[in-house]
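Asker: Have a look; sequence and predicted model below, questions after that.
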Amino acid sequence: DAPLERQRELQDSTVEVLAKLHAIPDAAERFGYLSEIDPPGDTPLHRHFGWLKGWYEYAVPDIGRSPLVERALQWLEDNFPEDVAATDSVLIWGDSRIGNVLYDNFRPAAVLDWEMATIGPRELDVSWIIFAHMVFQELAGMAGLPGLPDVMREEDVRATYRELTGAELGDLRWFYIYSGVIWCCVFMRTGARRVHFGETEKPDDVETMFYHAPLL
């Protein structure tokens, strides 16, 4: 119900949170422990990608395989952004989205949910905050609600982030698809939990649990 200018204030002040997190110096040294459990790799993004592939395989036995995820993982492998992976790493919040922020008068008072925190290229957080909004916009549409179509548009987020940091982001398409696969793994695990506790039947096709499948 908020007017567009207050929605934009919420958006810009949330992007500012990313800018502040990404400005913490010596992130790779300070927060290197966050990626110690990841598989070996040449860069933090290589290692994080190894973690994602492992997480998918971990999820499969309880809920089934997904051809969509496996096609996406192969595409990600074939199109790996070596240039972005070689850039300096920053502290990555990991689950950067407006649903994980407590707001006071449209400005962040606290940011929550740090279980996916890691180090890596800044594109991980920026793409996630945009793609996560796309996912919830999709869910709003499924519920017959308008959602917030003017919030977290890429061109606006890019412009604000550039103004706050002076950094020019790389192409986000790879990172959107990467985010989409992470969301699949989230839905696989939450779906398996629902099956385990008898809340739903195990589906014949796990992809029916991917509420964002059209986006991916």
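Answerer: Arrived safely.

Asker: For the protein, which residue occupies the most central location?
Answerer: Trp128 (3.1 Å; C-alpha atoms, centre = their mean).

Asker: Hmm, Asp95 and that one touching each other?
Answerer: Yes. Applying C-beta atoms under 8 Å as the test, Trp128 and Asp95 come out as touching, 7.2 Å apart. From N, CA and C alone the C-beta is placed, and that goes for glycine too.

Asker: Strands of this structure, start to end?
Answerer: Secondary structure of the chain (DSSP state E): strands located at 90-92, 101-104, 107-111, 118-120.

Asker: Which strands or helices does the longest one pack on?
Answerer: For strand 107-111, the helices and strands in contact under the criterion 3 or more C-beta pairs under 8 Å, 6 or more residues apart in numbering; DSSP states H and E are helix 4-22, strand 101-104.

Asker: Just give me how far it sits from the chain centre.
Answerer: Taking the mean of its C-alpha atoms, strand 107-111 sits 18 Å from the chain's own mean (C-alpha atoms, centre = their mean, to the nearest Å).

Asker: Buried residues in it, which are they?
Answerer: Neighbour counts over strand 107-111 (16 or more other C-beta atoms under 10 Å) mark Pro108, Val111 as buried.

Asker: one step back: as TSV, the strands of the chain with mean pLDDT would be great.
Answerer: Below are the strands of the chain laid out as TSV (pLDDT from 0 to 100):
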stretch	mean pLDDT
strand 90-92	98
strand 101-104	98
strand 107-111	98
strand 118-120	97
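
Asker: quick one, which of the ones you listed is nearest to Val69?
Answerer: strand 118-120 (20.2 Å; C-beta to C-beta).
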